[in-house]
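K.L.:
just a sequence and a predicted model for now, questions to come.
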Number of protein chains: 2
Amino acid sequence: MLIECVPNVSEGRRPEIVAAMANAIRGVSGVRLLDHSSDASHNRSVFTIAGDAASVEAAVLALAERAIAAIDLRTHRGEHPRIGAVDVVPFVPIEGVTMAECVALAKKLGAEIAARFNVPVFLYEEAASSPARKNLEDIRRGEFEGLAAKMRAPEWAPDFGPAAPHASAGATVVGARMPLIAYNINLATDRLDVAKKIAAAIRQSSGGFRYVKAAGFRLEDRGIVQVSMNLTNYEKTPIFRVFETVKREAARYGVNILESEIVGLVPSAALTAAAEFYLQFEGFKADQVLENKLRQT
Amino acid sequence: MLIECVPNVSEGRRPEIVAAMANAIRGVSGVRLLDHSSDASHNRSVFTIAGDAASVEAAVLALAERAIAAIDLRTHRGEHPRIGAVDVVPFVPIEGVTMAECVALAKKLGAEIAARFNVPVFLYEEAASSPARKNLEDIRRGEFEGLAAKMRAPEWAPDFGPAAPHASAGATVVGARMPLIAYNINLATDRLDVAKKIAAAIRQSSGGFRYVKAAGFRLEDRGIVQVSMNLTNYEKTPIFRVFETVKREAARYGVNILESEIVGLVPSAALTAAAEFYLQFEGFKADQVLENKLRQT
């Protein structure tokens, strides 16, 4: 069983604190710290952890203990919106684990964070207790500074823990979601209007695919434009369908796709699905991939 | 480091002997027996083993000890060509290992088989000591029954071991090769001539791609035809190039591709390469595949 967890913590300027948090994770057996990166202007660090349910939970609790002890939101400044020292903790199913199991893990960890650190916890995305809490942006709106006032409204009672923010650590948002794929398509044109129109055509918010967020940008140094996307569920809105739709929309303006790029990590299954589509595979099964077979045996 | 090894043994009719050979492999720590299958009419069994170099070598030696003790080629009958009790042992690089390392392992194992069991060993494919020994078919021509006479010619002196066949166990062919992909493309037509012409166009033997073996067949029950292929080096002759070429050749006869299929296992990298081609990935690296990253960390 393999679960990925990507805790976002409100500290990106004091390297010794970040190192202590990374070491707290590494100290838990059964987990691997795949990556961590800090952004000083955001004053925020992102850790990527992988392991089984129990190990990942233990690693997040070890991280939370350090973070809550070291971070004081009352003096924290940074460009990125945040409501807590341990700001967001998403669990992501990777292999041999269902979304339902990740939701259960989110609830278990949420209850534990509330009980152990006296920090209110909100559940989001697949773990959300109501549609109004599905989107992280909605929960985080008003940020730490507005959280005490926001939580006085009954509809913003937390899912776990005290009814008011923790004085220094605010609140924590815990949930479960599919792996997110950061995906860009570069167009062989300098026409920003074309990139913006295509982005509008494919993103959910303006009528496009359900699991696509998209915006059009100019890549100044290269003299071209880019459709920059987040694919939030590659099983239901697959990469190849997005690519083919962008290609067709671009053709309408006489524009070709120059190239596309995956930013960061992509699950193997998302690429296999593209091979399956273009090569017209019939009856292909995941355990025909040699590496999958090796992991099973 | 992950090496696959696919020893072919000349016994496919006595289940108790096959089971003993499988158990001999399983008894070696550090290897996994991914698959084994026996064919009674061929009177032959194929084992698929994976592990690091030392473990896979130990597993093949354990298998060879059982096979050489139990099999007598003088009384062996079967449809499949063979020259030895342990007939062929190919090593295949899968992950974190080069072809050169698999060649070195083939030579090490070959020397060990010769020394331990007094069986002559021929090296083939990437491990071959001369171009004339690259193809398994050339080494095996004449089979066990013709081997003693064949080996009297100086050009058929073995790479390791005695100058004449082992009385009951014959000789063994050991080598290194890329993973082989069994790949079929089904055409939306019942015209066998089209499948045969396309097979001729794409296979190496008649001027096509270097690492493609192909033949045209009729799928009687479905009323369609198939281009059936072995892709012997997916890095140098990738699946997508073969698919696109078959598609173009078929179009010349007004025929469409109905579907394609992978038979058995395929390395993840072969599918990733197809995704990379069709999605026009720029600067994509293997360690962006989440599962690859997980294995590294």
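P.N.:
Received the coordinates, thanks. Numbering: from 1, shown residues only, chains lettered A, B, ... in the order given.
K.L.:
quick one: contacts for the closest residue to chain B within the stretch 1-150 of chain A?
P.N.:
Minimum separation of the stretch 1-150 of chain A from chain B (Cβ to the nearest Cβ) falls at A:Arg32, amounting to 4.7 Å. Placement of C-beta: from N, CA and C, glycine included. When contacts are counted by Cβ atoms under 8 Å, 6 or more residues apart in numbering or on different chains, A:Arg32 touches A:49-51, B:294, B:297.
K.L.:
what residues does the stretch 151-297 of chain A put near chain B?
P.N.:
Applying Cβ under 8 Å from any Cβ of the partner chain, we find that the stretch 151-297 of chain A lies next to chain B at A:179, A:186, A:239-240, A:243, A:257-262, A:264-268, A:271-272, A:274-276, A:278-284, A:288-294, A:297.
K.L.:
what do you get if the cut-off is 7 Å, keeping everything else the same?
P.N.:
A:239-240, A:243, A:257, A:259-262, A:264-268, A:271-272, A:274-275, A:278-284, A:288-291, A:293-294, A:297 (Cβ under 7 Å from any Cβ of the partner chain).
K.L.:
which of those residues are buried, as a PyMOL select command?
P.N.:
Only the buried entries of these go into this PyMOL selection, using 16 or more other Cβ atoms under 10 Å in any protein chain shown:
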select buried, chain A and resi 239+240+243+257+259+260+261+262+265+266+267+268+271+272+274+275+278+279+280+281+284+288+289+290+291+293+294
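K.L.:
from the residues of the stretch 151-297 of chain A next to chain B, which land in strands?
P.N.:
Residues from these lying in strands, with DSSP state E as the criterion: A:257, A:259-262.
K.L.:
for A:Glu4, list each beta-bridge partner.
P.N.:
Beta-bridge pairing of A:Glu4 under DSSP bridges involves A:Ala50, A:Val92.
K.L.:
that one: what's it in contact with?
P.N.:
Contact partners of A:Glu4, counting by Cβ atoms under 7 Å, 6 or more residues apart in numbering or on different chains, are A:48, A:50, A:92, A:94, A:179.
K.L.:
can you tell me which of those residues has the most neighbours?
P.N.:
Within the contacts of A:Glu4, most neighbours by other Cβ atoms under 10 Å in any protein chain shown means A:Ala50, with 25 neighbours.
K.L.:
my guess is that residue meets A:Leu2, correct?
P.N.:
Yes: using Cβ atoms under 7 Å, A:Ala50 is in contact with A:Leu2, at 6.1 Å.
K.L.:
flag the shaky bits of chain A, pLDDT-wise.
P.N.:
Low-confidence segments of chain A (pLDDT under 70): A:295-297.
K.L.:
would you mind measuring from the residue nearest the centre of it to B:Asn233?
P.N.:
In chain A, the centroid-proximal residue (Cα atoms, centre = their mean) is A:Leu180; its distance is 5.7 Å. Computed as Cβ to Cβ, to the nearest Å, the A:Leu180 to B:Asn233 distance reads 35 Å.
K.L.:
helices of chain A, start to end?
P.N.:
Secondary structure of chain A, counting by DSSP state H: helices at A:15-26, A:53-70, A:99-117, A:136-140, A:143-151, A:192-202, A:239-251, A:268-278, A:290-296.
K.L.:
give me phi/psi at the residue lying farthest from the centre of chain A?
P.N.:
The centre of chain A is farthest from one residue, A:Gly254, which by Cα atoms, centre = their mean lies 34.7 Å away. Torsion angles at A:Gly254 (phi, psi; degrees, to the nearest 10) stand at phi 70, psi 30.
K.L.:
then A:Asp72?
P.N.:
phi -120, psi 110.
K.L.:
my guess is A:Gln204 contacts A:Val212. True?
P.N.:
Yes: if you go by Cβ under 7 Å, A:Gln204 and A:Val212 touch, sitting 5.8 Å apart.
K.L.:
of these two, who's got more company?
P.N.:
Neighbours were counted for A:Gln204 and for A:Val212 using other Cβ under 10 Å; A:Val212 has more, 23 against 14.
K.L.:
show me what that one is bridged to.
P.N.:
A:Leu231.
K.L.:
what's near enough to touch it?
P.N.:
By Cβ under 7 Å, 6+ apart, A:Val212 lies in contact with A:202-204, A:229, A:231, A:237, A:242.
K.L.:
just the buried residues of those residues.
P.N.:
For the contacts of A:Val212, buried by 16+ other Cβ under 10 Å: A:202-203, A:229, A:231, A:237, A:242.
K.L.:
can you put those in JSON lines and add distance to B:Lys134?
P.N.:
Compiled in JSON lines, those are given as follows (distance: Cβ to Cβ, whole Å):
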{"residue": "A:Ile202", "distance to B:Lys134": "50"}
{"residue": "A:Arg203", "distance to B:Lys134": "54"}
{"residue": "A:Met229", "distance to B:Lys134": "47"}
{"residue": "A:Leu231", "distance to B:Lys134": "45"}
{"residue": "A:Thr237", "distance to B:Lys134": "47"}
{"residue": "A:Val242", "distance to B:Lys134": "45"}
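K.L.:
any idea which of these is closest to chain B?
P.N.:
Looking across the buried ones among the contacts of A:Val212 and measuring by Cβ to the nearest Cβ, the closest to chain B is A:Val242, at 9.4 Å.
K.L.:
how much space between that closest one and A:Ala157?
P.N.:
Counting by Cβ to Cβ, the separation of A:Val242 from A:Ala157 is 38 Å.
K.L.:
again, but for A:Glu235
P.N.:
The spacing between A:Glu235 and A:Ala157, counted by Cβ to Cβ, is 33 Å.
K.L.:
with A:Pro165 instead?
P.N.:
12 Å.
K.L.:
over to A:Ala169?
P.N.:
To A:Ala157, A:Ala169 is 18 Å away according to Cβ to Cβ.
K.L.:
okay, the two: which has more neighbours?
P.N.:
Shown here are A:Ala169 and A:Ala157; by other Cβ under 10 Å, A:Ala169 has more neighbours (27 against 12).
K.L.:
you'd agree that one is up against A:Ala85?
P.N.:
Yes: when contacts are counted by Cβ under 7 Å, A:Ala169 is listed as touching A:Ala85 (4.0 Å).
K.L.:
joint contacts of these two?
P.N.:
Both A:Ala169 and A:Ala85 are in contact with A:68, A:71, A:73, where contact means Cβ under 7 Å, 6+ apart.
K.L.:
from those, keep the buried residues only.
P.N.:
A:68, A:71, A:73.
K.L.:
number of residues surrounding A:Thr75?
P.N.:
A:Thr75: 7 neighbours (other Cβ under 10 Å).
K.L.:
actually A:Val88, sorry about that
P.N.:
When neighbours are counted by other Cβ under 10 Å, A:Val88 registers 24.
K.L.:
repeat that for A:Met21.
P.N.:
The burial count for A:Met21: 27, using other Cβ under 10 Å.
K.L.:
mutual contacts of A:Ala50 and A:Leu2, please.
P.N.:
A:Ile94.
K.L.:
quick one on the thing from earlier: out of the contacts of A:Glu4, the closest to B:Phe217 would be?
P.N.:
Closest approach to B:Phe217 among those (Cβ to Cβ): A:Ile94, at 39.5 Å.
K.L.:
ok, the closest one touching A:Cys5?
P.N.:
No: counting by Cβ under 7 Å, A:Ile94 sits too far from A:Cys5 to count as a contact (10.2 Å).
K.L.:
how far does stretch A:5-23 sit from the chain's center?
P.N.:
From the chain centre to the centre of stretch A:5-23 is a distance of 17 Å (Cα atoms, centre = their mean, to the nearest Å).
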